[in-house]
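# Below are the sequence and a predicted model for it; my questions follow.
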Amino acid sequence: GSAGTVFHGFDSMKDSEKDRIREYFRKVDQSLKESLTDDQMPVVLVCVDYLAPLFRSVSKDPRIQLLHVSGSPDTIRRDVLLQKGWDIVRPIFEKEKIKAMAALDKAMGTGKVTQDIRKVLMATQNGQVEYLFLQQDKQIIGSVNRQTGQSAVPSAEPMHESEEELLDFAAMRVMSQGGKVFVLTTAEMPVKSDCIGLLRYET
């Protein structure tokens, strides 16, 4: 949120101010529950230190990490904020990545694995993609029909108004459906491909 009244510590606040902050945190907590539907998605707080335990006491959300990013989000650069947040959740995603890579290795050579972004996008229509692996720093420019999932052959020309970055679009779709997305280096990719989708079931 935007900057507001600055307090030097929770103990120094009046009871009315404490109650106001608790009520605000309850609204934030409710908003998180409505917008973050993935029960396993880790949540990292960004706040001054004395507010973190107060929010946890109000929220009780098990997704909230024990560590938080210390400081005001209004004064931290976005890249620094992302890096600090990633440092906190990295162990969670590294564990999940190992599990996902093992599942991919087991499914290789079956109809549950596709390296075609167009097939991945079609599969996202039914929430069929369990894991999506993307090669770092790669882009595929094209167009996609949001109702059918059908996409045009990726374009080699500069992006037109009707086109977009298909890997980003696929990643957002997969995550919104409870799937997991992993960005891998070229060396980490099990096969040479811009993307690999592991489906929950074969079509």
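That came through fine.

# Near the closest residue to Lys138 other than its chain neighbours, how many other residues are there?
Nearest non-adjacent residue to Lys138, counting by CB to CB, 6 or more residues apart in numbering: Asp194, 4.5 Å away. (Each C-beta comes from the backbone N, C-alpha and C, glycine too.) Using other CB atoms under 10 Å, Asp194 has 17 neighbouring residues.

# okay, which residue is most central for the protein?
Nearest residue to the geometric centre of the chain (CA atoms, centre = their mean): Met175, 6.4 Å.

# That one: what secondary structure?
Under DSSP: H, G, I helix; E, B strand; the rest coil, the three-state class of Met175 is helix.

# Not including adjacent chain positions, what is the nearest residue to it?
Val181 (5.7 Å).

# and the host helix or strand of the one you found, what does it pack onto?
Per DSSP states H and E, Val181 falls inside strand 180-184. In terms of contacts (3 or more CB pairs under 8 Å, 6 or more residues apart in numbering; DSSP states H and E), strand 180-184 is packed against helix 78-107, strand 129-135, helix 166-176.

# count of residues packed around the nearest residue to Lys112 once chain neighbours are set aside?
The shortest distance from Lys112 to any non-neighbouring residue, by CB to CB, 6+ apart, is to Leu199 (4.6 Å). The number of residues packed near Leu199 is 21, by other CB under 10 Å.

# and Leu199, what does it touch?
Leu199 sits next to Gly111, Lys112, Val113, Thr114, Ala123, Gln128, Val129, Glu130 when contact means CB atoms under 8 Å, 6 or more residues apart in numbering.

# let's see it at 7 Å
Contacts for Leu199 (CB atoms under 7 Å, 6 or more residues apart in numbering) come out as Lys112, Ala123, Gln128, Val129, Glu130.
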